[in-house]
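K.L.:
sequence? don't have it. structure:
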């Protein structure tokens, strides 16, 4: 036996019904930080910190990436 039910609701109503948290304040904060970074310019330090936290394997991934760039540019330490 199959039962089909159609529910007409907004995404906000569905979120509340499912008991999911309201992420709008966090999203707004994230957008404000990104706008600030774009307005002030992205420095190499900011870019490196973003890659560390967002990149695969965090610090280990960043070190692998740095080694690859160093080898390509000839600045690798012997």
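P.N.:
Received, thanks. Computed from a predicted model, the values in this text were never measured in an experiment.
K.L.:
and the helix or strand of the chain with the lowest mean pLDDT, what other elements does it pack with?
P.N.:
The least trusted helix or strand in the chain, going by mean pLDDT, DSSP states H and E, turns out to be helix 44-54, with a mean of 72. Helix 44-54 sits against helix 58-73, with contacts defined as 3 or more Cβ pairs under 8 Å, 6 or more residues apart in numbering; DSSP states H and E. Using the backbone N, CA and C atoms, a C-beta is placed for each residue, glycine as well.
K.L.:
Let's see that with 10 Å instead.
P.N.:
Contacts defined by 3 or more Cβ pairs under 10 Å, 6 or more residues apart in numbering; DSSP states H and E place helix 44-54 against helix 24-40, helix 58-73.
K.L.:
what separates the last one from the chain centre, distance-wise?
P.N.:
If I follow you right, that is helix 58-73. 20 Å (Cα atoms, centre = their mean, to the nearest Å).
K.L.:
in it, what's buried?
P.N.:
residue 62 (16 or more other Cβ atoms under 10 Å).
K.L.:
pLDDT (mean, whole number) over that helix?
P.N.:
Mean per-residue pLDDT for helix 58-73: 77.
K.L.:
about what we covered before: how about the helices and strands packed on helix 44-54 in TSV, adding distance to residue 4?
P.N.:
Compiled in TSV, these are given as follows (distance: least, Cβ to Cβ, whole Å):
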stretch	distance to residue 4
helix 24-40	32
helix 58-73	45
